[in-house]
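# One predicted model, sequence on top.
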Amino acid sequence: MNTSFSELGISPPILKALEEMGFEAPTEVQKRAIPHILNKEDLIVMSKTGSGKTAVFGVPMLQLTDSKALEPQGLILTPTRELAVQIDNDIKHYSKYLSHRTTAVYGQHNINIEIQALAKGASIVTGTPGRVFDHIQQGNLKTKHIGFLVLDEADRMLDMGFLDQVVKIIKTIPKDRVTLLFSATMPHEMHKICRNYMKNPVTIEIESQTMTVDTISQVYYRVNDNEKNIQLNRLLMLERPESCIIFCNTRFAVDKVQSFLSRKGYSCHALHGDIPQARRLKTIQQFKAGAFPLLVATDVAARGIHVESLSLVINYDIPQDKDNYVHRIGRTGRAGNDGRALSLVTSDDIMTLYEIEEHIGTMIPEEELPSEDVLNEQKVQCDEWIKSVSHKSKTAPRLNNDGLIKENRKKLSRTASGTSTRTAQNKYSHDKSKQPFDKKSNNKSKSNEQSNLTHNEFDRSQKSQRKANSNKQTAFADKTIDIAPAIQSSTGKTATRKVIRSKTVSTKGRIGTPDSKAAAIANTQSAQSVHGHSAAAQSKTTQPNKKPLLKRIMQRLFGK
């Protein structure tokens, strides 16, 4: 049995790249599968997650394809965008000392960028079935020279409803291709694809008696549904992981758990389908780089994240699909490293857990939840770990931290409500500071600006005062009209009413000003002149009574 990559017949440039990447010896699946692919044989590989499948098909494809080809010679189909990006990055590393061009195409990515990359030439294309089929239909991706077709995570593509698109893509590729199918499980529908679209495939099944990696320690804890968050926090303090993925069944649960952990002070981010694609990719990159230790995710991330040092996986929710359990815990214990998988099991989940045990062929032991005494005994270690986690939360970039957003919004609200006047003044000062500076006219311009500002403020003040006086005096005038009948002279009565009505209408909005008083006097004199003969005929006894009454009315109206 071959024991080194060089003995597998791999070319020196690829061997050099593998050595720099830290590959020391091929895994079991690599030793058994790579020779068949180099011989251009169809292959079905049923392997445990984390067994090094990307190198199984990536290395031989690079060695057997023409790096100068302008059209694709190898096509890799994956179920998720994250996995497509991961595989493309890995192949780029394998081809470090080759001149191959590779690219990835997937949904929610700028299609124009993908079109440009395909037009420049790519010998190997990795993508999701939907986007790959779109490019084929539009003529951007030529399939007539494809000699290698890889169906990675084929069971997951089947579960996600990509079977029809996969079949359509297969039909556009030459029949003399080499087809490689990789899957952790083999559903009945997958057997049909193998029979219809593969030529005498060699089947390699690398399984222990269980369907899970032997280096993963699996346990479960019984919890009540309403105490899941509390027990999750306790388990994190007990385990104190360097990196951990917490799986939930729904996007709502992901957001709820992420929010709870953030309030507890953990550096934690969420990953699910509602998050924009660019942010999801950035979150994955930061998690892999160790920018934060905890990631809460749905199953969309189970197939797209490969972190060699991931030490812990927690099933916050038990998956309803038994295969999902295999894929979830397969994120840890990779490349021979030890891993640990914990599951929180409620009374409603226990039967599902038994079905999972039957499916994977092993019993999952139950453990007691950590007590206060146990946590107190490890208080020093817990405090140090929490401090390190809190330090990471301060230094790592925050992509989806609701607490930070809320804090900023509160600050913005306080600023908007409490300092509006100051902001306006600052804005005025800022705008004034932008004016060109002239030494000769600087002092003069300053005084003019201040004078203009003072006059403007005075005018606004006067207008406000006039409006208030107008409303007040108009209301008073309306009441005063009823006083006129008290005048004894009928001629004086008519004249007085005309004075009041004329003043009320003609001086509206200007009552209380010197001009309005002069107008009122003029109106009074005009009214008296109209009835001049009648007024002259009045007796001396009525005249003295009339003048004091008019004077009193004028005093009430105008304050004089």
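Received, thanks.
# only C-alpha atoms for contact and neighbour calcs from this point on.
Fine.
# Could you list the domains of this protein?
Here the domain parsing of the chain from automatic domain parsing is 6-206, 216-400, 445-558.
# The first one - what's its average pLDDT?
Predicted confidence along domain 6-206 averages 91 (mean pLDDT).
# thinking again about what came up before, is it possible to get CSV of the domains of the chain that adds mean neighbour count?
Putting the domains of the chain into CSV (neighbours: other C-alpha atoms under 10 Å) gives the following:
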stretch, mean neighbour count
domain 6-206, 18
domain 216-400, 18
domain 445-558, 15
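# host element of Gln116?
Here Gln116, judged by DSSP states H and E, is contained in helix 111-120.
# Spatially nearest residue to Cys194 (excluding sequence neighbours)?
Nearest non-adjacent residue to Cys194, counting by C-alpha to C-alpha, 6 or more residues apart in numbering: Pro201, 7.8 Å away.
# Look up how far Leu180 lies from the one you found.
Distance, Pro201 to Leu180, by C-alpha to C-alpha, to the nearest Å: 9 Å.
# Now do the shared contacts for these two.
Contact with both Pro201 and Leu180 is made by residues Asp42, Leu43, Ile44, according to C-alpha atoms under 8 Å, 6 or more residues apart in numbering.
# Can you tell me which of these end up in helices?
Secondary structure assignment by DSSP state H places none of the shared contacts of Pro201 and Leu180 in helices.
# Wasn't Thr103 part of a strand?
Yes - the assignment for Thr103 (DSSP: H, G, I helix; E, B strand; the rest coil) places it in a strand.
# Identify the bridge partners of it.
According to DSSP bridges, the residues that bridge with Thr103 are Val125.
# Let me know the distance separating it from Leu18.
Taking C-alpha to C-alpha as the measure, Thr103 falls 20 Å from Leu18.
# same question, Pro548
Here the criterion is C-alpha to C-alpha. By it, Pro548 lies 115 Å from Leu18.
# Let me know the next secondary structure element after the strand or helix carrying Ile170.
Following DSSP H and E, the helix or strand that holds Ile170 is helix 163-171. The first helix or strand that comes after helix 163-171 along the chain, using DSSP H and E, is strand 178-183.
# Measure how whichever helix or strand Asp134 is part of sits relative to helix 163-171, angle-wise.
Element membership of Asp134, judged by DSSP H and E, is helix 129-138. Angle between the axes of helix 129-138 and helix 163-171 is 40 degrees (criterion: axes from the mean of the first three to the mean of the last three C-alpha atoms, to 10 degrees).
# residues contacting the closest residue in space to Ser311 that isn't next to it in sequence?
Setting aside the residues directly before and after it, Ser311 is nearest to Gly339 in space (C-alpha to C-alpha, 6+ apart), at 4.9 Å. When contacts are counted by C-alpha under 8 Å, 6+ apart, Gly339 touches Thr215, Ile216, Ser217, Leu310, Ser311, Leu312, Thr332, Gly333.
# Name the nearest of these relative to Glu367.
For Glu367, the closest of the contacts of Gly339 turns out to be Ser217, at 12.0 Å, with distances computed as C-alpha to C-alpha.
# and the closest one, what helix or strand is that in?
Following DSSP H and E, the helix or strand that holds Ser217 is strand 216-222.
# Restricting to C-alpha, output that strand in PDB.
Only the C-alpha atoms of strand 216-222 are listed here, as PDB (Å, rounded to 0.1, in the frame of the first residue of the first chain):
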ATOM      1  CA  ILE A 216     -15.100  12.500  17.900                       C
ATOM      2  CA  SER A 217     -16.300  12.000  21.400                       C
ATOM      3  CA  GLN A 218     -20.100  12.200  21.400                       C
ATOM      4  CA  VAL A 219     -22.400  12.800  24.400                       C
ATOM      5  CA  TYR A 220     -25.800  14.200  25.100                       C
ATOM      6  CA  TYR A 221     -27.400  16.100  28.000                       C
ATOM      7  CA  ARG A 222     -31.100  16.000  28.900                       C
END
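# who does that strand touch, helix- and strand-wise?
Using 3 or more C-alpha pairs under 8 Å, 6 or more residues apart in numbering; DSSP states H and E as the contact criterion, the neighbours of strand 216-222 among helices and strands are strand 339-345.
# so how far is Phe133 from the residue nearest to Cys194?
Pro201 sits 25 Å away from Phe133, taking C-alpha to C-alpha as the criterion.
# Same check on Arg556?
Counting by C-alpha to C-alpha - Arg556 and Phe133 are separated by 90 Å.
# what do you get for Phe182?
Relative to Phe133, Phe182 is positioned 20 Å away (C-alpha to C-alpha).
# For the protein, just list every one of the strands.
When secondary structure is read from DSSP state E, the chain shows strands at 43-47, 74-77, 102-105, 124-127, 148-151, 178-183, 202-206, 216-222, 244-247, 268-271, 294-297, 312-315, 339-345.
# what about those strands, which gets the closest to Met190?
strand 178-183 (9.3 Å).
# Direction-wise, compare that closest one with strand 43-47 and give the angle.
20 degrees.
# Contacts made by strand 178-183 with the rest, please.
Strand 178-183 is contacted from outside by 40-47, 53, 57, 147-155, 198, using C-alpha under 8 Å, 6+ apart.
# Over to stretch 47-65?
Around stretch 47-65, the neighbours that count as contacts under C-alpha under 8 Å, 6+ apart are 10-11, 14, 27-30, 33-34, 37-38, 73-74, 87, 90-91, 94-95, 100, 123, 148, 150, 180, 182-184, 204-207, 211-213, 327, 330-331, 333-335.
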